[in-house]
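S.K.: Would you be able to build a 3D model of this:
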Amino acid sequence: MTRLKRGIQIGALLAASAVVFAACSSSTPKSAGTTSTTGASTQTTAGVKSGGNMTFALDEDLAGFNINTSAADEFVLQEILDMVWPQVFIINNQLQPYLNTQLMESATQTSTSPQTIVYKINPAAVWSDGTPIDGADFIYNYEAQSGNAAFFDVGHKAFDDASTTGYNQFQSITASSPPGGAACTNVSLGATLGTAMCGNGDTVTVVYKTPFADWRSLFSNIVPEHIATTVGWDTGFNDSTKVVSGSWYEIKSYTANSSLVLQQNPKYWGTPGKLNTITFTFVSDDSQEVPALQNGEVNLINPASVSLSIVQSADQVTGITKQTIPGLEFEHFDFNEANPYLAKLAVRQAIAYGTNRQEIIARTVGEFSTGINPLGNRMLMPTQAGYVNNGAAYDTVNVSKAKSLLQGAGFTMGSDGYYQASYGPEKGGDLTLEISSTTGNALRQETEELFQAQMKTVGIKITIQNYDANTFFGTNLPNGDFTIAEFAWVSTPFLTGNESIYCSYTNTSDCGDNWDHYANKSTDTDIFNGAAATTPQAEISDYNAADKQLWADMVTLPLYQKPQFYAWTDTYGNVIPNASDLGVPWNANTWGSKTA
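M.R.: Below is the predicted model:
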């Protein structure tokens with residue numbers, strides 16, 4: 001895939017600024033809509049017909065179906081699961097969370113000391129096999145994502161978590177049957193998996209050891225306990241037939257490298273989706289998405305790596321609506337500190353000083369969008385309140401400083417213009433590093449080639465080796481089998497989703513997305529303080545402090561905030577782009593053919 005979700009969907013609520021990316025297109029940006037008092041978009045299913053199908057092009061195949069694992073933490077998978085796994089809160093197009101009132105009767109903070117959250121599940125809510133959605137599901141999902149070694153998967157294996165953030169702060173979780181029924185399950189730290197699982201608890205109470213600012217982000221993509229405890233959390237849902245639905249749609253069929261079809265969930269207890277089916281077609285070459293839209297093969301596209309040619313091609317297509325918005329997504333380089341050269345701060349800094357990010361922007365996304373500058377923050381995008389350019393020192397290319405750093409690290413310039421390695425795998429030869437990403441991505445390929453040329457000026461030889469999405473994201477990154485990796489994180493408006501990326505393995509948290517082998521106690525302190533912050537301002541301050549340390553340690557090199565381009569057949573209604581990691585299908589239950 002070309003985009004990864006960032007962590008577990010957590011952090012402080014942030015308002016989008018007035019900054020707009022302007023596409024080189026004749027289309028006029030549409031309003032993102034308004035927000036109701038509950039936080040949900042005021043857009044309804046009015047004006048669209050019931051029935052029919054809509055086809056959405058996705059840029060890659062899937063690595064599995066449990067998005068809560070590091071192996072399947074994919075943006076494209078989230079876009080499918082928006083309509084399949086239950087979510088307590090949904091992030092709307094205004095980047096605000098609103099309660100899923102079809103799943104939940106309420107979710108309320110009843111105490112601040114200790115912080116206590118009470119969830120009341122709609123007693124009518126059932127999985128597509130007829131099993132009730134109840135406290136057992138909440139408790140199991142907590143156990144699997146708690147990071148506590150006392151809990152284990154089928155086969156007594158450790159749980160693979162994309163993140164444990166928030167769940168690792170639970171003191172206890174209890175489930176009971178209303179009204180006022182006795183607790184049928186009480187799980188606290190140190191319990192064992194499956195202890196007195198509750199079969200009919202509609203009320204779930206969570207008590208935190210320390211405050212957690214972003215509690216509304218938890219219990220998203222809830223996995224069915226009654227299936228997972230049989231097939232396993234880590235790999236049991238790699239088989240799509242094991243995925244039962246707890247939402248509007250269920251998986252009808254899945255053909256690897258081809259398509260996935262959702263159909264209305266016949267057991268859904270609430271207002272059904274308008275479309276009979278939603279088809280997700282995997283188109284690995286982004287340049288083929290516009291032709292597919294023009295030919296009617298697909299009805300909606302959101303290319304992972306939009307380019308000038310894609311935007312210009314879309315301008316030639318009639319009968320479609322186009323929109324470009326700034327995304328909660330950023331392109332970056334990851335440095336694997338397990339590499340003996342990248343383990344040296346001076347080498348990472350030299351790379352950063354020698355990378356001309358403005359040239360990369362101008363030759364890629366800058367060709368069709370204006371106002372994009374080198375990104376100075378990993379936690380916040382320029383369109384979010386609280387953004388600070390913590391990386392301003394690297395805004396200006398400084399080749400002489402890069403060379404000075406390499407010389408200070410013990411490298412000597414060779415006759416061929418490359419520094420020579422005096423140790424490690426390249427000892428006696430050119431200092432050589434490999435950059436890798438996904439195949440079939442023109443913008444990434446262009447970025448890699450520009451980076452290769454820029455590093456030649458610095459004196460570092462760069463080789464390029466790309467992989468198919470499943471290998472790169474399912475194997476290479478999680479296993480640390482890379483040197484420099486280029487990809488994008490996609491986030492929600494929440495900050496604490498960053499914890500699993502940048503926290504140290506030396507802490508009790510499961511830093512499941514820290515593939516760079518980075519560790520710094522100062523960063524950990526700021527991240528964990530941010531997660532326990534009691535105000536949005538304090539959380540922003542803590543995460544900006546963490547980001548400053550990440551720049552000082554040059555853990556990753558952010559490149560730019562990515563613009564998001566959408567185009568869809570204008571005979572369909574209620575398509576509302578969403579910059580968060582839910583993507584444009586966040587409200588796919590309301591999509592449909594227009595009535596007029």
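S.K.: Quick one: residues contacting Ile251.
M.R.: Listed by Cβ atoms under 8 Å, 6 or more residues apart in numbering, the contact partners of Ile251 are Val84, Ser240, Val243, Ser245, Leu260, Val261, Leu262. C-betas here are computed from N, CA, C, even on glycine.
S.K.: would JSON lines of the residues you listed with pLDDT be doable?
M.R.: Shown next, in JSON lines, are the contacts of Ile251 (pLDDT from 0 to 100):
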{"residue": "Val84", "pLDDT": "98"}
{"residue": "Ser240", "pLDDT": "95"}
{"residue": "Val243", "pLDDT": "97"}
{"residue": "Ser245", "pLDDT": "98"}
{"residue": "Leu260", "pLDDT": "98"}
{"residue": "Val261", "pLDDT": "98"}
{"residue": "Leu262", "pLDDT": "98"}
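S.K.: Strands - which of the residues you listed land there?
M.R.: The members of those that map onto strands under DSSP state E are Leu260, Val261, Leu262.
S.K.: How many residues are close by the second one?
M.R.: Taking other Cβ atoms under 10 Å as the criterion, the count of residues near Val261 is 17.
S.K.: got it, and the last one?
M.R.: For Leu262, the neighbour count with other Cβ under 10 Å is 28.
S.K.: and Asp161, how many residues sit next to it?
M.R.: With other Cβ under 10 Å as criterion, Asp161 counts 26.
S.K.: just the one 3 residues further on next, same as before
M.R.: By other Cβ under 10 Å, the residues close to Thr164 number 25.
S.K.: Ser500 is in contact with that one, correct?
M.R.: Yes. Using Cβ atoms under 8 Å, Thr164 is in contact with Ser500, at 7.1 Å.
S.K.: Show me the shaky parts of the protein.
M.R.: By pLDDT under 70, the low-scoring segments of the chain are 1-46, 177-200, 505-510.
S.K.: Okay, and the beta partners of Tyr254?
M.R.: With DSSP bridges applied, Tyr254 shows beta-bridge pairing to Leu260.
S.K.: Now do the same contact list for it.
M.R.: Residues counted as contacts of Tyr254 (Cβ under 8 Å, 6+ apart) are Leu62, Ser240, Leu260, Val261.
S.K.: likewise Phe333?
M.R.: Contacts of Phe333 by Cβ under 8 Å, 6+ apart are Ile351, Thr355, Ile435, Phe451, Ile484, Ala485, Glu486, Thr556, Leu557, Leu559.
S.K.: Among the residues you listed, which one lies nearest to Ser172?
M.R.: Set against Ser172, the nearest of those by Cβ to Cβ is Thr556 (36.2 Å).
S.K.: My guess is that closest one contacts Trp515. True?
M.R.: No. The criterion here is Cβ under 8 Å, and Thr556 misses it with Trp515 at 10.2 Å.
S.K.: how many other residues sit next to Leu99?
M.R.: Residues lying near Leu99 (other Cβ under 10 Å) number 19.
S.K.: Repeat that for the one 3 residues further on.
M.R.: By the measure other Cβ under 10 Å, the count of residues near Gln102 is 16.
S.K.: now swap in Thr108 and tell me
M.R.: Neighbourhood size, Thr108 [other Cβ under 10 Å]: 11.
S.K.: ok so it is a strand residue?
M.R.: Yes. Under DSSP: H, G, I helix; E, B strand; the rest coil, Thr108 falls within a strand.
S.K.: what's the spacing between it and Val118?
M.R.: Thr108 is 5 Å from Val118, where distance means Cβ to Cβ, to the nearest Å.
S.K.: between Thr556 and Trp515, what contacts are shared?
M.R.: Counting by Cβ under 8 Å, 6+ apart, the residues touching both Thr556 and Trp515 are Asp334.
S.K.: Look at those two and report which has more neighbours.
M.R.: Using other Cβ under 10 Å as the criterion, Thr556 and Trp515 rank with Thr556 on top: 23 against 20.
S.K.: quick one: contacts for the more buried one?
M.R.: Listed by Cβ under 8 Å, 6+ apart, the contact set of Thr556 reads His332, Phe333, Asp334, Phe335, Arg378, Asp516, Leu550.
S.K.: Most neighbours out of those residues, which is it?
M.R.: Neighbour-wise, those (other Cβ under 10 Å) top out at Phe335, 27 neighbours.
S.K.: Now do the same contact list for that residue.
M.R.: Counting by Cβ under 8 Å, 6+ apart, Phe335 touches Leu342, Arg348, Ile351, Ile484, Asp516, Met554, Val555, Thr556, Leu557.
S.K.: does it have beta-bridge partners, and which?
M.R.: With DSSP bridges as the criterion, Phe335 is bridged to Ile484.
S.K.: now do Ile278
M.R.: Met54, Leu262.
S.K.: Count the neighbours of it for me.
M.R.: 28.
S.K.: now Lys274
M.R.: 22.
S.K.: quick one: it and Gly47 touch, right?
M.R.: No. With contact defined as Cβ under 8 Å, Lys274 and Gly47 do not form a contacting pair (10.2 Å).
S.K.: Common neighbours of these two, please.
M.R.: In contact with both Lys274 and Gly47: Asn574, using Cβ under 8 Å, 6+ apart.
S.K.: Now do the strands in the stretch 201-350 of the chain.
M.R.: Along the stretch 201-350 of the chain, the segments classed as strands by DSSP state E, counting those that start in this stretch run 203-208, 249-255, 259-264, 277-282, 300-301, 320-335.
S.K.: Any buried residues in the last one, and which?
M.R.: Taking 16 or more other Cβ atoms under 10 Å as the neighbour-count basis, strand 320-335 is seen to contain the buried residues 320-335.
S.K.: Ramachandran angles for Lys49?
M.R.: Per-residue torsions, Lys49: phi -80, psi 160 (degrees, to the nearest 10).
S.K.: Now do the same contact list for it.
M.R.: Going by Cβ under 8 Å, 6+ apart, Lys49 touches Lys274, Gly592, Ser593, Lys594, Thr595.
S.K.: how about a cut-off of 7 Å?
M.R.: Residues near Lys49 by Cβ atoms under 7 Å, 6 or more residues apart in numbering: Gly592, Ser593, Thr595.
S.K.: so which of these would you say is closest to Glu225?
M.R.: Once Cβ to Cβ is applied, the member of the contacts of Lys49 that ends up nearest Glu225 is Gly592, at 33.0 Å.
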